[in-house]
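# coords below, sequence missing:
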């Protein structure tokens, strides 16, 4: 039970007087005042545990007691509760802030530990007998000092904790400010290089901002390293790259692939490029990933813009080729060529490329067109080509060696086999249609041969015959020297054998033996056929001039069969 009726403490003015004068009130020993003064000094700026230990150690020096306990509202009993349960039933608060007599087996007092109106707990003093009023007053003073010291210690602890929290917050803010600064710098740097429309500059800026090697994989099996040493990186197989692209299309951000951090450039484009950062040490974090992703987004815009510009320019060049081959007026042609930075004064030839296999698909033609573009690009030449049906027509530099070029094209994936026909030389705009016609004539003259490359300039007498193919003179000449033989053939199928025999005869140098060997015939059979030819045509094959004229007629007939309908 609690007993609060003890006289002598109610309205006690001694605490106020002590605080006002600093002198010991009557009945209080000066030594006790000195102890309390020293205790107050020792409690200053100490941890709460030290303050409590000092207070508990001082109480027995102020009054006779068996035990001292401190009960804190926030903290419980120190060092533990009294053994007498009645003494442990201390009041929760006391409006007057005065000691309270505790009813128990032994004498006990609960002295409030409070500062102003801040109640922190009670000092429970257990003694063999009732303490006198002066000694209990000294404990009351100690309790007040303890409350002030504990309050100050807790305030100081809170201030320290707050300072620590502020330091953490300041550090976090500093990191965020630094991160924002780096992001702003990154944004400014990438926007600056993006303004130039150069994807290589964008990838180089990523390397500069992250300090890692960076490369752009555009999907053609090659890399475009922008910065740093990429030699230690293992190239992906086409299948591995395909799987990575599929994964990136599902992921909203960049992903790690082995020793690389990879971002997809252009999620909605069919041909996906990969912007990749080498990170074998796994040091790249959120900032590096952000830089990579932001750069990939900018690069996607630039690649899309470049692709559209390239497609438009390619179409304009194809249109220019079409119009040059159709005989566009020179003034118009030069104006359009100047807009495309094409030099029409450079000597060129029209080159006709056809698939050797009739089943070649349009994709192969586009692959060939791309390969021709790269070939001419390696020779610093403008790419002028157009696909017409199942053939590719190219305006190539006159000095280009197509023997060497075919070797280069064979190394390109998906290119070939092809037949290449090179037209006559073009030194002026009006000559392009003629060069195309000559390329077609060269292709037609060798269509039934196994020649992969034919040049109009190398056709020999066929070149002369092809040049005259547009005139009626060629038909008249054939009619004059071979007309009777051809007309005989329309009535007798043996005429074909006679024309073939005559061709073999001339090709073997007018040798009976050579002709028989080529045709796998007996020499007498060859002689018989030659005599029939003389009888039908009325031309003497023993006369050199006649023999030359008939040989030219045979070549003219070959050209006529290749270049146009047969006569007769």
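Sure thing, it's come through. Keep in mind the model is a prediction, meaning the values are calculated, not measured.

# sec struct for the residue nearest the centre of the chain, please.
Nearest to the geometric centre of the chain sits residue 275, at 1.8 Å (C-alpha atoms, centre = their mean). The three-state assignment at residue 275 reads strand, by DSSP: H, G, I helix; E, B strand; the rest coil.

# for it, name its beta-bridge partners.
Beta-bridge partners recorded for residue 275 (DSSP bridges): residue 216, residue 263.

# wait, it sits on residue 216?
Yes: assessed by C-beta atoms under 8 Å, residue 275 is found in contact with residue 216 at 5.7 Å. C-beta: built from backbone N, CA, C; applies to glycine.

# shared neighbours, the two?
203, 265, 299 (C-beta atoms under 8 Å, 6 or more residues apart in numbering).

# doesn't residue 396 belong to a strand?
Yes: assigned with three-state DSSP, residue 396 falls within a strand.

# bridging residues for the nearest residue to it once chain neighbours are set aside?
Once flanking residues are discounted, residue 396 sits nearest to residue 351: 4.8 Å by C-beta to C-beta, 6 or more residues apart in numbering. Applying DSSP bridges to residue 351 gives these bridge partners: residue 394, residue 422.

# from residue 406, how far out is residue 351?
Distance, residue 351 to residue 406, using C-beta to C-beta, to the nearest Å: 11 Å.

# phi, psi of residue 125?
The phi/psi pair for residue 125 (degrees, to the nearest 10) reads phi -110, psi 120.

# thinking again about what came up before, among the shared contacts of residue 275 and residue 216, who's most crowded?
residue 265 (30 neighbours; other C-beta atoms under 10 Å).

# report the contact partners of that residue.
Counting by C-beta under 8 Å, 6+ apart, residue 265 has contacts 216, 272, 273, 274, 275, 296, 299, 300, 303.

# in which helix or strand does residue 236 reside?
Using DSSP states H and E, residue 236 sits within no helix or strand.

# possible to save the shared contacts of residue 275 and residue 216 as JSON lines with secondary structure and distance to residue 34?
Shown next, in JSON lines, are the shared contacts of residue 275 and residue 216 (DSSP: H, G, I helix; E, B strand; the rest coil; distance: C-beta to C-beta, whole Å):
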{"residue": "203", "secondary structure": "helix", "distance to residue 34": "81"}
{"residue": "265", "secondary structure": "strand", "distance to residue 34": "83"}
{"residue": "299", "secondary structure": "helix", "distance to residue 34": "82"}
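
# and which of the residues you listed is nearest residue 421?
Closest approach to residue 421 among these (C-beta to C-beta): residue 265, at 40.4 Å.

# thinking again about what came up before, between the shared contacts of residue 275 and residue 216, which is nearest residue 212?
Nearest to residue 212 among the shared contacts of residue 275 and residue 216, with distances taken as C-beta to C-beta, is residue 203, at 11.3 Å.

# from residue 487, how far off is that closest one?
74 Å.

# one more: residue 277?
Taking C-beta to C-beta, one finds residue 277 at 80 Å from residue 487.

# between those two, who's got more neighbours?
Shown here are residue 277 and residue 487; by other C-beta under 10 Å, residue 277 has more neighbours (27 against 15).

# Provide a list of residues in contact with the more buried one.
206, 210, 212, 213, 214, 260, 261, 262, 284, 288, 292.

# which pLDDT does the model give the closest residue to the second one other than its chain neighbours?
Sequence neighbours aside, residue 288 is the residue nearest to residue 210 in space, at 4.7 Å (criterion: C-beta to C-beta, 6+ apart). At residue 288, the pLDDT value in this model is 91.

# what's the answer for the one 5 residues further on, then?
For residue 293, the model assigns a pLDDT of 89.

# now do the same contact list for it.
253, 254, 263.

# what's the answer for residue 518, then?
The contact partners of residue 518, by C-beta under 8 Å, 6+ apart, come to 504, 507, 508.

# now the host helix or strand of residue 180: average pLDDT?
Here residue 180 sits within helix 133-194, counting by DSSP H and E. Across helix 133-194, pLDDT averages out at 87.

# over to stretch 305-325?
On average, stretch 305-325 scores 84.

# now it: buried residues?
317, 318, 320, 321, 324, 325 (16 or more other C-beta atoms under 10 Å).

# over to stretch 131-144?
Those would be 131, 133-144, for stretch 131-144 by 16+ other C-beta under 10 Å.

# just stretch 338-350 next, same as before
So for stretch 338-350, counting by 16+ other C-beta under 10 Å, buried means 342, 344, 348, 349, 350.

# in the stretch 301-450 of the chain, what spans have low per-residue confidence?
358-364, 379-381, 412-416, 448 (pLDDT under 70).

# now do the strands in it.
Applying DSSP state E, counting those that start in this stretch to the stretch 301-450 of the chain gives strands spanning 348-355, 385-388, 391-397, 418-426.

# so which of those comes closest to residue 83?
Among the strands of the stretch 301-450 of the chain, strand 385-388 sits nearest to residue 83 (C-beta to C-beta), with 106.5 Å.

# what pairs with the closest one, and is each one parallel or antiparallel?
By DSSP bridges, strand 385-388 pairs with strand 391-397 (antiparallel).

# the strand it pairs with vs strand 418-426, what angle?
Strand 391-397 runs at 40 degrees relative to strand 418-426, counting by axes from the mean of the first three to the mean of the last three C-alpha atoms, to 10 degrees.

# what's in contact with strand 391-397?
Against strand 391-397 from outside (C-beta under 8 Å, 6+ apart): 321, 324-325, 346-354, 365, 368-369, 372, 376, 379, 381, 384-387, 402, 422, 426, 432, 436.

# circling back to that earlier point, need the shared contacts of residue 275 and residue 216 in TSV (columns: distance to residue 76 and pLDDT).
Formatted as TSV, the shared contacts of residue 275 and residue 216 follow (distance: C-beta to C-beta, whole Å; pLDDT from 0 to 100):
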residue	distance to residue 76	pLDDT
203	66	87
265	65	88
299	65	85
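
# which single one of those residues is nearest to residue 500?
residue 265 (63.0 Å).

# tell me how many other residues crowd the residue nearest to that closest one when sequence neighbours are not counted.
Computed as C-beta to C-beta, 6+ apart, the closest residue to residue 265 that is not its neighbour in sequence is residue 273, at 4.0 Å. Using other C-beta under 10 Å, residue 273 has 22 neighbouring residues.

# how far away is residue 273 from residue 210?
Counting by C-beta to C-beta - residue 273 and residue 210 are separated by 18 Å.

# please apply the same query to residue 64.
The value you get for residue 64 to residue 210, if C-beta to C-beta is used, is 77 Å.

# please apply the same query to residue 167.
Residue 167 is 30 Å from residue 210, where distance means C-beta to C-beta.

# neighbour count: those two, which is higher?
More crowded of residue 167 and residue 210, by other C-beta under 10 Å: residue 210, with 26 against 10.

# show the contacting residues for that one.
Contacts of residue 210 by C-beta under 8 Å, 6+ apart are 277, 284, 287, 288, 291, 292.

# tell me which two of those sit farthest apart.
Farthest apart among those - using C-beta to C-beta - are 277 and 287, which lie 11.6 Å from each other.
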